[in-house]
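In: Provided below are the primary sequence and the corresponding predicted coordinates.
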Number of protein chains: 2
Amino acid sequence: MIRQRLQAARLRPSRQRISLAGLLFVAGDRHVTAEQLHREAQALDMPLSLATVYNTLRQFVASGLIREVAVFGSTVWYDTNTGSHCHYFDEGRQRLEDIPSDLTRDLKIAAPPGYRIVGVDVIVRLRDDETLQ
Amino acid sequence: MIRQRLQAARLRPSRQRISLAGLLFVAGDRHVTAEQLHREAQALDMPLSLATVYNTLRQFVASGLIREVAVFGSTVWYDTNTGSHCHYFDEGRQRLEDIPSDLTRDLKIAAPPGYRIVGVDVIVRLRDDETLQ
DNA sequence: CTTATTGCAAACCGTTTGCACGTTC
DNA sequence: GAACGTGCAAACGGTTTGCAATAAG
């Protein structure tokens, strides 16, 4: 199943890619950073380097298997749900989550003349009541 | 006017802060990065260091004079319009701009139980028709 | 004279890259 | 064996910080 997915994306099924695709796709929607995924792989004794995690995630994005999400800060988040949807970002726990209903459908966005819309990112930043000083 | 604005924010009107506040607030809404603002100041013979630009912009954010905008990549953008509104990001020219109508009013966002919404970022990524491969 | 601000250079941190080695087809 | 993938360590780029020098109240 994982192998088929990689094959469909024209990526050779190397041990590392199978491990990472397994972590990403076995458990439904996921939102992870490269470092998180690397730690997970380590914990499960899947030996691969951090550089490979970064490179692989970029390849997965290029192949449309996952997508990037823009959040504050320099960290790139990856989302296995490639459809149109929005995100909550819990600033206290630093966790990214889908917003159940696709709010983008409510948005009446037009591109300015001469431009094309290549993506819409909606992120709702949250603070939990305790963390909120 | 600039001095009053700084005073209201309880920031001492140092030469550097007056320069930067001038650049930011004299010409209506602006969207800049720290590097851009530093280059502008240099060009106008306002001597200040890049570190000061970074620090000052953070103070301005903390005082509510400007706000940060989350865009892809590690670069932080600063917006002199602190009200609720959304952004176009021109990926070719790397320019950030306001979307004239406040789309966030169309969004029916609720915070999950136990959470508070501290901000909503909507960024519409654009590519101009030429740049589009 | 006390407290805040600045500038430099070094640290930082997430990410990318060059290149020698290993793997897949 | 040709093309591709991996891992290391070093580079990168935007940002932050420690600290001595300087300026504001």
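Out: That came through, no problem. The shown structure was predicted, so the numbers you read here are calculated from the model rather than taken from an experiment.
In: Report whether the longest strand belonging to chain A contacts chain B.
Out: Determined from DSSP state E, the single longest strand within chain A is strand A:115-128. Yes. Interface with chain B: strand A:115-128 contributes A:115-128 (C-beta under 8 Å from any C-beta of the partner chain). Where you see a C-beta, it was placed from the backbone N, CA and C, and this is true even at glycine.
In: who wins for most neighbours among these?
Out: residue A:122 (26 neighbours; other C-beta atoms under 10 Å in any protein chain shown).
In: where does residue A:88 land in three-state SS?
Out: Going by DSSP: H, G, I helix; E, B strand; the rest coil, the secondary structure assigned to residue A:88 is strand.
In: Can you say which helix or strand has the nearest residue to residue A:105 once chain neighbours are set aside in it?
Out: Leaving out its chain neighbours, the residue that sits closest to residue A:105 by C-beta to C-beta, 6 or more residues apart in numbering or on different chains is residue A:84, at 7.7 Å. Using DSSP states H and E, residue A:84 is not contained in any helix or strand.
In: Need the residues that contact stretch A:124-133.
Out: Here stretch A:124-133 makes contact (C-beta atoms under 8 Å, 6 or more residues apart in numbering or on different chains) with A:72, A:86-93, A:99, B:109, B:111-112, B:114-121.
In: now do stretch A:21-30
Out: Residues outside stretch A:21-30 that contact it (C-beta under 8 Å, 6+ apart) are A:2, A:5-6, A:32, A:37, A:40-41, A:44, A:46, A:60, A:65-66, A:78-81, A:98.
In: Which ChimeraX command selects the buried ones in the residues you listed?
Out: Buried members of those, defined by 16 or more other C-beta atoms under 10 Å in any protein chain shown, are picked up in ChimeraX with:
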select /A:2,5,6,32,37,40,41,46,60,65,66,78,79,80
